[in-house]
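J.: Just to be clear, the model below is a prediction. Sequence and coordinates:
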Amino acid sequence: MLKKEIINECIEDIKANKIVIIPTDTIYGLSAKISKDNEIKINQIKNIKHEKPLITLVSNFQQLKKLQIKKISKEDKKILLDSRTTVIFETSLEFKTIAVRFVKRKDIKKIINKTGPIFSTSVNKHGLKPINKEEELKNFDQNIKLFFDIEPTDLNPSKIYNSLTKK
């Protein structure tokens with residue numbers, strides 16, 4: 001669990017439009033405010049040549065309204081409450097679809113409650129395994145601030161459910 005001072009520092013960095021590394025419910029993530037520029041920056045950091053959509057973390061259902069999701073069924077809401085499942089929705093935003101995951105960690109919820117929904121994707125170069133060890137995270141990119149607490153023990157990735165195809 002990140003300490004209060006660290007949470008506040010992380011909130012300020014995200015609000016200042018910086019990309020940070022934070023823990024999530026599963027692994028460590030490259031995270032930032034939602035914007036096309038940050039999506040491009042994160043994909044460049046990961047050495048992804050094309051535009052790859054990123055997962056959006058939210059802390060409550062009210063934040064889904066800000067994402068202009070066109071339709072959320074009761075089944076979608078139930079699936080979304082499983083923090084290990086990312087749900088793809090159709091949206092009216094500049095992104096045609098959006099992948100959303102609810103956060104369970106209280107410290108990360110506090111951050112998202114203050115910043116609004118954020119992008120998050122695994123810390124790694126494209127095609128390589130996600131990085132979760134403190135020393136490797138520190139050395140991933142010297143320009144990105146790391147907010148580290150503990151190394152995750154459950155490295156299983158989240159599941160993805162497409163609310164459009166129901167698969």
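T.: Cool, the structure landed.
J.: Show me where the chain dips below the pLDDT cut-off.
T.: Counting by pLDDT under 70, the chain shows low-confidence ranges at 83.
J.: residues in contact with the residue nearest to the spatial centre of it?
T.: For the chain, S120 is the residue whose C-alpha lies nearest the centre (Cα atoms, centre = their mean; 2.3 Å). Going by Cβ atoms under 8 Å, 6 or more residues apart in numbering, S120 touches I22, T24, G29, L30, S31, L54, I55, T56, L57, R101. For glycine as for every other residue, the C-beta is placed from the backbone atoms N, C-alpha and C.
J.: those helices in this protein, which residues are they?
T.: With DSSP state H as the definition, the chain shows helices at residue ranges 4-15, 36-45, 62-66, 74-80, 106-115, 134-140.
J.: As CSV, these with mean neighbour count would be great.
T.: Conversion of these to CSV gives the following (neighbours: other Cβ atoms under 10 Å):
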stretch, mean neighbour count
helix 4-15, 16
helix 36-45, 16
helix 62-66, 14
helix 74-80, 14
helix 106-115, 19
helix 134-140, 14
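J.: just to revisit the earlier point, tell me how far the residue nearest to the centre of the chain lies from K71.
T.: S120 sits at a distance of 24 Å from K71 (criterion: Cβ to Cβ, to the nearest Å).
J.: same deal with I21?
T.: When Cβ to Cβ is applied, the distance between I21 and K71 equals 33 Å.
J.: for K78, same thing?
T.: Counting by Cβ to Cβ - K78 and K71 are separated by 15 Å.
J.: Could you dump the helices of the chain into TSV with distance to T86 added?
T.: Putting the helices of the chain into TSV (distance: least, Cβ to Cβ, whole Å) gives the following:
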stretch	distance to T86
helix 4-15	20
helix 36-45	16
helix 62-66	13
helix 74-80	9
helix 106-115	15
helix 134-140	22
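J.: and F95, how many neighbours?
T.: Applying other Cβ atoms under 10 Å, we find 18 residues neighbouring F95.
J.: Contact partners for it?
T.: The contact partners of F95, taken as Cβ under 8 Å, 6+ apart, are P53.
J.: Could you do T56 as well?
T.: So, once contact is read as Cβ under 8 Å, 6+ apart, T56 ends up touching I34, L67, I98, A99, V100, R101, P117, I118, F119, S120.
J.: just these now: which is nearest D82?
T.: If you rank those by distance to D82 using Cβ to Cβ, R101 comes first, at 9.1 Å.
J.: How about the residue nearest to the centre of the chain: which residues does it bridge to?
T.: Applying DSSP bridges to S120 gives these bridge partners: S31, I55.
J.: Much appreciated, bye for now.
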